[in-house]
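**Q** sequence plus the predicted model coming up.
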Amino acid sequence: MDLKGILADHMGHFTLYNVPNMLVALLLSAVLAYYFNTLGMRSTAVQARQMALWAAVTALGVGFVRAQFPLAVALLALILLLRAPDMPASERLPLFGALVIGMGCGSGASLIVVALFVPFVLLARWATALKH
């Protein structure tokens, strides 16, 4: 197998045109959730950033399962893991982020996960920054 074949195998069901589309979905969901929480719900800045990150990780997860029933079922199973009664709420968001990253890689879209990893990490750093 050649390098081009290996790269094609790790694109999953995505094309190169889907990468910018998922990036826009990731960032736009975060921006809209942030302003919904600050302007609409009058949440604190810290709460609004957390909700922006929840929206972004949801957009990323749904983007990976789009039009694939088995992946949608897998995402549902992963979400059910987050409902563990003994898990503190502060651990759910990082766990969900890790589960979505693992789901993307496991579904064969490793290169898409790598391409969206830096913006996702930067968004997570912004959302979890301490307020000074």
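**A** Sure, I can see it.
**Q** show me the residue at the heart of this protein, geometrically.
**A** The centroid of the chain falls nearest to Val57 when counting by Cα atoms, centre = their mean (2.6 Å).
**Q** confirm for me that that residue is in contact with Gly97.
**A** Yes. At 5.1 Å, Val57 counts as touching Gly97 under the criterion of Cβ atoms under 8 Å. C-betas here are computed from N, CA, C, even on glycine.
**Q** list residues touching both of those two?
**A** Common contacts of Val57 and Gly97 (Cβ atoms under 8 Å, 6 or more residues apart in numbering): Phe120.
**Q** hey, C-alpha coordinates of the longest helix belonging to the chain in CSV?
**A** Taking DSSP state H as the criterion, the chain has its longest helix at helix 45-65. Output in CSV follows, covering the C-alpha atoms of helix 45-65 (Å, rounded to 0.1, in the frame of the first residue of the first chain):
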residue,chain,number,x,y,z
ALA,A,45,-18.5,34.4,31.7
VAL,A,46,-17.1,31.1,33.1
GLN,A,47,-20.4,29.3,32.7
ALA,A,48,-20.8,30.7,29.2
ARG,A,49,-17.4,29.5,28.2
GLN,A,50,-18.2,26.0,29.6
MET,A,51,-21.4,25.9,27.6
ALA,A,52,-19.5,27.0,24.5
LEU,A,53,-17.2,24.1,24.9
TRP,A,54,-20.1,21.7,25.4
ALA,A,55,-21.6,23.0,22.1
ALA,A,56,-18.3,22.6,20.3
VAL,A,57,-17.7,19.1,21.5
THR,A,58,-21.3,18.2,20.5
ALA,A,59,-20.8,19.7,17.0
LEU,A,60,-17.6,17.7,16.7
GLY,A,61,-19.2,14.4,17.8
VAL,A,62,-22.3,14.9,15.6
GLY,A,63,-20.0,15.8,12.7
PHE,A,64,-18.2,12.5,13.0
VAL,A,65,-21.4,10.4,13.1
